[in-house]
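Asker: Just a sequence and a predicted model for now, questions to come.
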Amino acid sequence: MDKQKATLLLEDGTVFYGTLIGKHGTNGGEICFNTGMTGYQEIYTDPSYTGQIVVTTTSHIGNYGVIDSEAESDGPTIASIVVNSFSEIYSRLDATQSLQEFLESNGITGIADVDTRKLVRHIRSKGAMNAIISSEFDNLEDLQKELDKVPDMAGLELSSKVCTKEPYYVGDENSTIKVACVDYGIKRNILRNLAARGVYCKVFPAKTAVADMEAWQPNAYFLSNGPGDPAVMDYAVETVKEILALNKPVFGICLGHQLLAEAVGIKTYKMHHGHRGINHPIKNLNTGKSEITSQNHGFNIVREDSENHPDIEITHVHLNDNTVAGIKLKDRPAFSVQYHPESAPGPHDSRYLFDDFISLINNN
Ligand SMILES: NC(=O)CC[C@H](N)C(=O)O
């Protein structure tokens, strides 16, 4: 059978032609690329990618299928995917589904047989932009009409749409360490890392009042990763301010880091094309050691604001572009990083941050 055609149209008018993967249809979003050589399932199910079209630079995608136990959330909320060579055939003993079945059952229209190296170089030089992928329309005018409906990522609040609707628990209920995890789009491996260190986690919806979380008497708070633009999340910034006033230990990852920054008056901004991959070099300024990290973000915190803040210490920097990658509050037991120490997929260099959080709780 002939493969069905699909078209990718970028906001700046660039067009790529390829073949349909997943469900016949049309999907739009902000296009971004991840340079990791493995971990497509974890990327596609990471809620931080909500509304985005993910381009992977690995040339083969799909060849190890999909395994339920490796999903980072209940299901993918990405807009779409772009790949070079797509494989419907998969080889992995425990695989439960092919990637084609996974995409189709989740209503995702993607495109394969695209020169992803060319596309990535394009995004890298022109910056983040919206795009549309369709197997329904190939006429540029129709595609443009669909593209016009796609909202800008800057100014978008998405956490309340992807977070849990009801609180739930992870870990050992008899543990002495109770951590309230504010879910802005949390990845499961973060909870696994906390539970593995003896933490009993209660995960709360993004818009839970601090009084309701305090009623559970947590020893500490965790601020999760998540999608969207931190600059428009006033409700979350208010929550973080109230949490900080409690003087309990706080740890934030990625969006959680950006919200901690906003809560102390450090602004965030949209980056040119973001950091997404599993080999991003970070320097820990306290130990002088470098770590190779997993990253996925399109926004960042303003360096100048961080440097000029009397109560902030910059603890980590990104070695590629000198952006701020970690901060700590001098007057409170709170710290956060822009990258992913739970790193699924990715290197385990930064797992010590979870241990630091436990020490902070034990010594508080
Ligand atoms: N992984 C995340 O938490 C992403 C944070 C935020 N949405 C960004 O893109 O910068």
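Answerer: Happy to help now that I have it. Everything quoted here is computed from the prediction, not taken from an experiment.
Asker: Could I get the full set of helices for this protein?
Answerer: 40-44, 99-105, 116-126, 140-148, 159-162, 188-196, 210-214, 234-245, 255-263, 303-308, 352-362 (DSSP state H).
Asker: most tightly surrounded among those helices?
Answerer: helix 255-263 (a mean of 27; mean count of other C-beta atoms under 10 Å). In this view, the C-beta of every residue, glycine as well, is placed from N, C-alpha and C.
Asker: tell me the angle that helix makes with helix 234-245.
Answerer: 80 degrees (axes from the mean of the first three to the mean of the last three C-alpha atoms, to 10 degrees).
Asker: Can you name every helix or strand that helix 255-263 contacts?
Answerer: The criterion is 3 or more C-beta pairs under 8 Å, 6 or more residues apart in numbering; DSSP states H and E, and the helices and strands that helix 255-263 contacts are strand 220-223, helix 234-245, strand 250-253, strand 268-284, strand 290-301, strand 324-329, strand 334-337.
Asker: For whatever residue of the stretch 1-150 of the chain ends up closest to the ligand, list the residues it contacts.
Answerer: Closest to the ligand within the stretch 1-150 of the chain is Ser48: 3.3 Å, counting by C-beta to the nearest ligand atom. Ser48 sits next to 185, 187, 225-227, 254-255, 296-297 when contact means C-beta atoms under 8 Å, 6 or more residues apart in numbering.
Asker: likewise Ile301?
Answerer: 257-258, 261, 266-268, 324, 327, 338.
Asker: so which of the residues you listed are also by the ligand?
Answerer: Contacts with the ligand are made by none of the contacts of Ile301, judged by C-beta under 6 Å from any ligand atom.
Asker: Give the single residue among the residues you listed positioned nearest to Leu158.
Answerer: Nearest to Leu158 among the contacts of Ile301 is Gln258, at 13.3 Å by C-beta to C-beta.
Asker: Which residue is the nearest non-sequential neighbour of that closest one?
Answerer: Pro230 (3.8 Å; C-beta to C-beta, 6 or more residues apart in numbering).
Asker: TSV for the helices and strands packed on helix 255-263, including mean pLDDT?
Answerer: Putting the helices and strands packed on helix 255-263 into TSV (pLDDT from 0 to 100) gives the following:
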stretch	mean pLDDT
strand 220-223	99
helix 234-245	98
strand 250-253	98
strand 268-284	98
strand 290-301	98
strand 324-329	98
strand 334-337	98
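Asker: Pro205 is nearest to which of these?
Answerer: Here helix 234-245 is closest among these (C-beta to C-beta), at 11.0 Å.
Asker: Dump the closest one to PDB, keeping only the CA atoms.
Answerer: Extracted in PDB, the C-alpha atoms of helix 234-245 (Å, rounded to 0.1, in the frame of the first residue of the first chain):
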ATOM      1  CA  ASP A 234      -0.100  34.500  38.600                       C
ATOM      2  CA  TYR A 235      -2.100  31.900  40.700                       C
ATOM      3  CA  ALA A 236       1.000  29.700  40.900                       C
ATOM      4  CA  VAL A 237       3.300  32.500  41.800                       C
ATOM      5  CA  GLU A 238       0.900  33.500  44.600                       C
ATOM      6  CA  THR A 239       0.900  29.800  45.800                       C
ATOM      7  CA  VAL A 240       4.800  29.700  45.800                       C
ATOM      8  CA  LYS A 241       4.900  33.000  47.700                       C
ATOM      9  CA  GLU A 242       2.600  31.500  50.400                       C
ATOM     10  CA  ILE A 243       4.700  28.300  50.500                       C
ATOM     11  CA  LEU A 244       7.900  30.300  51.000                       C
ATOM     12  CA  ALA A 245       6.300  32.200  53.900                       C
END
